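Visitor: from the sequence below, what's the structure:
(2 chains)
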Amino acid sequence: SQTIHQWPATLVQPVGSPLSLECTVEGTSNPNLYWYRQAAGRGLQLLFYSVGIGQISSEVPQNLSASRPQDRQFILSSKKLLLSDSGFYLCAWTPALEETQYFGPGTRLLVL
Amino acid sequence: QKEVEQDPGPLSVPEGAIVSLNCTYSNSAFQYFMWYRQYSRKGPELLMYTYSSGNKEDGRFTAQVDKSSKYISLFIRDSQPSDSATYLCAMRKAGGFKTIFGAGTRLFVKA
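Guide: Numbers count the residues shown, from 1 in each chain, chains lettered A, B, ... in the order given. Sure thing, here's the model as predicted:
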C-alpha cells in the first residue's frame, strides 16, 4: 500500500536557526511531490512542487528551499528561520498519471 | 478574485442534520474536484473525488459538481459529532500539476 511519512511531528526552533523537514513516500514510483504551509486558521499555501528528481518549482520566493534527492524523498530547508516561518507544514503527493492528492501527517513548526 | 471561494463558517448543526458545504470557482478549465476533511492538527484526508460534472455517493457523503454554474457541493447525511472538522474543496485542471484549494469550512456537529 502507499503511505507518506513526515518528520518530525513537532519542532520548536529559535529565530536564525536552520531547518530541515523530510518527507518520504512508499509504495509508488514517479510521484509528484508538494510542500504546503498552513498558518493557523488559514488555507493551504503551496510552497514547492516537484515532478521528478532534482526538479523543483517554487511558488513562494521566501527564505525556504526544497530538494528532491531521490524519487520518493522531498526535503524542505531553510538556512535561517524567521518568526513568520511558524506554521503547519504538509507534504503531499500525487500518483503518477493520476489527479488525486494525498497528504502526510504534517509538521508543526514554532519559531521563537 | 480568488480562483476558488469557500465560506469559512463556522457552521454549527445538531447531530443527525443534513449538512451542505459549497464552493464556487472561476476557472472553467477545472476538471477534477475533490473534498478533504481535516481534523485539528492533522493532515487533510481525501474524502471524495469527482471528474467533471455529476454526482458521486459514498456512504453518508455525496459530492455534486455543476460545471455550468461553476459550483460544487458536499452533502453529509445523518451528521455525527465525529464529522466535526474543517472541510476543504479542491480542484485541478486536466494535466495540471497544481491543486487549488478553498479556504476550508469549519463544521461543528453538536450531540
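Visitor: from now on I want contacts and neighbour counts done on CA atoms only, so please keep to that.
Guide: Noted.
Visitor: where do the strands sit along chain A?
Guide: A:3-7, A:10-13, A:19-26, A:32-38, A:44-52, A:55-58, A:64-70, A:73-78, A:87-94, A:102-103, A:107-111 (DSSP state E).
Visitor: quick one: which of those is nearest chain B?
Guide: Set against chain B and scored by C-alpha to the nearest C-alpha, the strands of chain A come closest in strand A:102-103, at 5.9 Å.
Visitor: say whether chain B is contacted by that closest one.
Guide: Yes - applying C-alpha under 8 Å from any C-alpha of the partner chain, one finds strand A:102-103 touching chain B at A:Tyr102, A:Phe103.
Visitor: neighbouring strands - and their directions - for that strand?
Guide: Looking at strand A:102-103 with DSSP bridges, its partner strands are strand A:87-94 (antiparallel).
Visitor: off-centre distance for the strand it pairs with?
Guide: On the basis of C-alpha atoms, centre = their mean, to the nearest Å, strand A:87-94 sits 5 Å off its chain's mean C-alpha point.
Visitor: ok and that strand relative to strand A:44-52, angle-wise?
Guide: Orientation check (axes from the mean of the first three to the mean of the last three C-alpha atoms, to 10 degrees): strand A:87-94 against strand A:44-52 gives 40 degrees.
Visitor: state the mean pLDDT of strand A:87-94.
Guide: Average pLDDT, strand A:87-94: 96.
Visitor: ok, now which ones touch the residue nearest to the spatial centre of chain A?
Guide: Chain A has A:Trp35 as the residue nearest its centroid, 3.2 Å off, counting by C-alpha atoms, centre = their mean. Contacts for A:Trp35 were tallied using C-alpha atoms under 8 Å, 6 or more residues apart in numbering or on different chains; they are A:Leu46, A:Leu47, A:Phe48, A:Tyr49, A:Leu76, A:Tyr89, A:Leu90, A:Cys91, A:Ala92.
Visitor: list the contacts of the closest residue to the last one other than its chain neighbours.
Guide: The shortest distance from A:Ala92 to any residue other than its chain neighbours is 4.2 Å, reached at A:Phe103 (C-alpha to C-alpha, 6 or more residues apart in numbering or on different chains). The neighbourhood of A:Phe103, defined by C-alpha under 8 Å, 6+ apart, consists of A:Ile4, A:Leu90, A:Cys91, A:Ala92, A:Trp93, B:Gly43, B:Pro44, B:Glu45.
Visitor: quick check: bridge partners of the second one?
Guide: Beta-bridge pairing for A:Leu90 (DSSP bridges): A:Tyr36.
Visitor: doesn't A:Gln101 make contact with it?
Guide: No - here A:Leu90 does not reach A:Gln101: they are 11.9 Å apart, not a contact under C-alpha atoms under 8 Å.
Visitor: low-confidence ranges, the chain, go.
Guide: You didn't pick a chain, so chain A it is. Across chain A, the ranges flagged by pLDDT under 70 are A:61.
Visitor: cool, and chain B?
Guide: Applying pLDDT under 70 to chain B flags no residue at all.
Visitor: how far away is the residue nearest to A:Ala92 from A:Tyr36?
Guide: According to C-alpha to C-alpha, to the nearest Å, A:Phe103 stands 10 Å off from A:Tyr36.
Visitor: and the strands of chain A as TSV, adding distance to B:Arg77?
Guide: Shown next, in TSV, are the strands of chain A (distance: least, C-alpha to C-alpha, whole Å):
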stretch	distance to B:Arg77
strand A:3-7	29
strand A:10-13	35
strand A:19-26	34
strand A:32-38	29
strand A:44-52	27
strand A:55-58	40
strand A:64-70	41
strand A:73-78	38
strand A:87-94	29
strand A:102-103	24
strand A:107-111	32
